[in-house]
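1. what follows is a predicted protein model with its sequence.
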Amino acid sequence: MSGITNPAALDKRRAFPRFTIPPDLVTMGSGERGIGLNISEGGLAIRSFVPLTPGTTRTFQFKLPGTSRSFVALGSVAWVGAGGRAGVRFLDLPAQARVELHDRFRPEFNPQKHAGSLVSRTTSLIDIHATLELIADRAQSIVAADGVAVALGDGSSMVCHLSRGTAPDAGVCLLPDAGLSGECLRTGDVVHCADTQSDARVNAEAAAALDVRAILILPVYAGYDLAGVIELLSAKPNAFDARQVTRLERLAELMGAALAEARQGAEQR
């Protein structure tokens, strides 16, 4: 099973040539957000941070590849898939955006003339840093965390690639035999410490020195492989509730899907 809702609509979108969008936010009419994947004259593919329903209509704000300008188009959700993937069929695309897309896809399009756009397409597949920034932004919008770290690697070790606030510094190596992050690497499960001052797994004195009272660590899977973790820290005990954990788990799924796509793109180069 593909996990695609309305596969017929997925086939229709392939009638239009597509460009990969550099990792950036796509904003929807009611304030929800997602990460842009690719775009054509016919529509847009995204990874949404919230569930979308086929047939619903809303506005989508996005940037064209190789430009800094934003466009707003009216679109209908044509299909949804695993990992937050969704396809949008344009109902009303701004004329200027349509002209620019048409120019890129016309038969006489000169790749050398637009080499920057082609490089951007490849880079967006293998450079995941921008996506990690978006993931961290979204995580901190879900919970009022005082620190967030995103690490990449495998079950044997990981390196922190992004750090904000009271979180492990970028470049720090996480090992399976050390701390709560190590427990996450060993088990591949969500690790939650509601209060560092009463949890035997935590060095309470060290946590107090760092002003950390609650910790949440979520595994990130690229396919079946453990590929990263998202770690959130708070100065308040019991800072993370079940609803927030569920939303963060979905965010980890989106990050895993982006990592898997980046790996696939790198292997196909």
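-> Thanks, I have the structure now. Residues are numbered from 1 along each chain as shown.

2. okay, now the unreliable bits of the protein?
-> Scanning the chain with the threshold set as pLDDT under 70 gives 1-24, 65-68, 102-127, 264-269.

3. for the top helix by length along it, packing partners?
-> Among all segments of the chain classified by DSSP state H, the helix with the greatest residue count is helix 242-268. For helix 242-268, the elements it packs on are strand 33-39, strand 43-48, helix 115-126, helix 129-142, strand 214-222, strand 225-234, judged by 3 or more CB pairs under 8 Å, 6 or more residues apart in numbering; DSSP states H and E. In short, each C-beta sits where N, CA and C put it, glycine included.

4. so what's the spatially most central residue of the chain up against?
-> Using CA atoms, centre = their mean, the residue of the chain that lies closest to the mean C-alpha position is M255, 4.1 Å off. Counting by CB atoms under 8 Å, 6 or more residues apart in numbering, M255 touches 131-132, 135, 150, 220, 228, 230.

5. just V148 next, same as before
-> Applying CB under 8 Å, 6+ apart, one finds that V148 lies in contact with 136, 139-140, 162-165, 167, 230-233.

6. let's see it at 6 Å
-> Residues touching V148, when contacts are defined by CB atoms under 6 Å, 6 or more residues apart in numbering, comprise 136, 139-140, 164, 167, 232.

7. and if you look at A257?
-> Contacts for A257 were tallied using CB under 6 Å, 6+ apart; they are G83.

8. then T27?
-> Applying CB under 6 Å, 6+ apart, one finds that T27 lies in contact with 33, 61.

9. that one and S141, how far apart?
-> For T27, the distance to S141 (CB to CB, to the nearest Å) stands at 13 Å.

10. can I see the domain layout of this protein?
-> Using automatic domain parsing, the domain parsing of the chain gives 7-124, 129-268.

11. how far off strand 225-234 does the longest helix of the chain point, in degrees?
-> Helix 242-268 and strand 225-234 are oriented at 140 degrees to each other (axes from the mean of the first three to the mean of the last three CA atoms, to 10 degrees).

12. can you get me a residue count around T246?
-> For T246, the tally of surrounding residues (other CB atoms under 10 Å) stands at 11.

13. check contacts around it.
-> Shown here is T246, which makes no contacts under the criterion CB under 6 Å, 6+ apart.
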